[in-house]
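# Sequence plus predicted model, see below.
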Amino acid sequence: MHTPPHWHSRRTSSRVTRQPRLRWTALAVAIAAIATACGSARTLEGPAAAIFDGECASEADLRLTVYSGRTENLIQPVLDAFSCETGIEVAVRWGASTDLALLLAEEGDRTAADVFLSRSPGPVGFLEGKGLLTTVDGDVLGLVSQENRSAEETWVGFTGRKRVLVYNLDNVASDELPASVFDLTDERYRGRVAIPATNGSFVDWFTVFRDQHGTDVAAQWLDDMVANDARYYPNNRSIVEASGRGEIDMGLVNHYYQYQVAEASGDDHRAANWDFDGDDIGSLLIVTAATVTAASENTETANDFIAYLLSESAQRYFSGETLEYPLAAAVAPADVLPALGGPEIGSINFDSLGDGFARSTEIIETSGILNE
């Protein structure tokens, strides 16, 4: 069950290295000059200070409303940094991306949202299909490569999450590691593989799986996994933790959970990530997406905020603190992350997937995996 969206409004702060975007940079400089003249000395602490470590600007007569399908612990430092550096007040509604997309569809042109942040372009595609989005400014789109933005110019990617197989180092021999996600239906993997079937990132991945290989093939793969006694876990982290303690031999997850759990648990955590070969669908990189609502009367500030997500300091935060793949400002992935492989984002038409998530959920529920 999805957690209901909830509101959080506060002035935010953080530290961010500036991106060559003239509009928001000029705004920040002008407000900072006013703050200095007035003697303001408020600064940020914690993760936000890693994005912006200067003095906070005086309050501007501007307010931005963000609906965020990305989690609060991840996004709040960036909101804090943006608000501190620019003086713009930020109101936030938190929730699952799918729930927020449905809420936006219900609210229509009455929504207060200026910006929607989604765990993937799928919920954004759903809103685009209903005519509820406007185009992102060209100079903002230009901050990322073509494969990381919408061909319809309605969303831009700001980080990437790679699908991998996490496995227990003691229970899985190197010659048992599969070349393809399709191999996991073999008898030698019976009862050894975990699937986070109700997790949003798995539903995203399964929807792309259907798009690339066809619904019949994808549904048959899932049915075969169930027949091979695949185990259900509620989310990525629980699979990584279970793999680390040997409760399950392997599982399908987002790449960064393994690094986070390993850092927290130390040598007691006996697991590692495995990338499937070549362009196997099991190694898909899924981008997180930002967009501007058609109902927004504050599109300039909305575009400024999206540009801020793509600034060098924000991208370094996403890379270093959350271990996601940065997509802008020529920021390199964290040293611990392997080079990207698998299907290129540009080969996936995310814009066409907006209506596919409900069908994916239906297939997953009828497969029986939730009973395993």
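Arrived safely.

# Just the buried positions in the longest strand anywhere in the chain, please.
Longest strand in the chain, counting residues (DSSP state E): strand 156-168. Under the neighbour-count criterion of 16 or more other C-beta atoms under 10 Å, strand 156-168 has 156-168 buried. C-beta coordinates here come from the backbone N, C-alpha and C atoms, glycine included.

# Pull the most distant pair out of the residues you listed.
Longest distance between any two of these is 37.7 Å, between V156 and N168; criterion C-beta to C-beta.

# Surely L143 and A307 touch.
Yes - using C-beta atoms under 8 Å, L143 is in contact with A307, at 6.5 Å.

# With neighbour numbers in mind, choose between these two.
Per other C-beta atoms under 10 Å, whichever of L143 and A307 has more neighbours is A307, with 26 against 23.

# Give the buried residues for whatever helix or strand that one lives in.
In the assignment (DSSP states H and E), A307 maps to helix 299-309. For helix 299-309, burial by neighbour count (16+ other C-beta under 10 Å) applies to 299, 301-309.

# of those residues, closest to P178?
Lowest distance from P178 to the buried residues of helix 299-309 (C-beta to C-beta) belongs to L309, with 35.2 Å.

# can you map out the helices along the stretch 151-300 of the chain?
Ranges of helices within the stretch 151-300 of the chain are 200-213, 215-227, 236-244, 256-265, 299-309, based on DSSP state H, counting those that start in this stretch.

# what residues does the third one touch?
Contacts with helix 236-244, where a contact means C-beta atoms under 8 Å, 6 or more residues apart in numbering, come from 166-168, 194, 196, 199, 201, 233, 248-254, 257-258, 260-262, 265, 268-271.

# Can you say which of these are buried?
For the contacts of helix 236-244, a burial check counting by 16+ other C-beta under 10 Å picks out 166-168, 194, 196, 199, 201, 233, 248-254, 257-258, 261-262, 269-271.

# Low-confidence stretches in the chain?
Filtered on pLDDT under 70, the chain yields the residue ranges 1-41, 342-355.

# just so I have it, where are all the strands in it?
In the chain, the strands defined using DSSP E lie at 6-10, 63-68, 89-94, 115-118, 133-134, 156-168, 193-195, 231-232, 250-254, 271-274, 285-293, 325-326.

# Using CSV, lay out these together with distance to A81.
Shown next, in CSV, are these (distance: least, C-beta to C-beta, whole Å):
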stretch, distance to A81
strand 6-10, 13
strand 63-68, 13
strand 89-94, 10
strand 115-118, 15
strand 133-134, 25
strand 156-168, 14
strand 193-195, 36
strand 231-232, 38
strand 250-254, 24
strand 271-274, 30
strand 285-293, 15
strand 325-326, 16
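
# In a markdown table, list the helices of the stretch 151-300 of the chain along with distance to I363.
Converted to a markdown table, the helices of the stretch 151-300 of the chain look like this (distance: least, C-beta to C-beta, whole Å):
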| stretch | distance to I363 |
| --- | --- |
| helix 200-213 | 8 |
| helix 215-227 | 5 |
| helix 236-244 | 20 |
| helix 256-265 | 24 |
| helix 299-309 | 33 |
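
# Out of those, which is closest to Y67?
That would be helix 299-309 among the helices of the stretch 151-300 of the chain, by C-beta to C-beta, at 11.5 Å.

# what sits up against that closest one?
Residues outside helix 299-309 that contact it (C-beta under 8 Å, 6+ apart): 16, 19, 21, 23-24, 27, 62, 64, 66, 78, 81-82, 86, 88, 90, 114-115, 134, 136-137, 139-140, 143, 156, 158, 290, 292-293, 296, 314.

# Now the buried members of these.
16, 19, 21, 24, 27, 62, 64, 66, 78, 81-82, 86, 88, 90, 114-115, 134, 136-137, 140, 143, 156, 158, 290, 292-293, 296, 314.

# tell me, how many neighbours does D109 end up with?
The number of residues near D109, taken as other C-beta under 10 Å, comes to 9.

# Kindly report the same for R110.
Neighbourhood size, R110 [other C-beta under 10 Å]: 7.

# Pull the number of nearby residues for L102.
Using other C-beta under 10 Å, the number of residues around L102 comes to 17.

# From A302, how far out is it?
21 Å (C-beta to C-beta, to the nearest Å).
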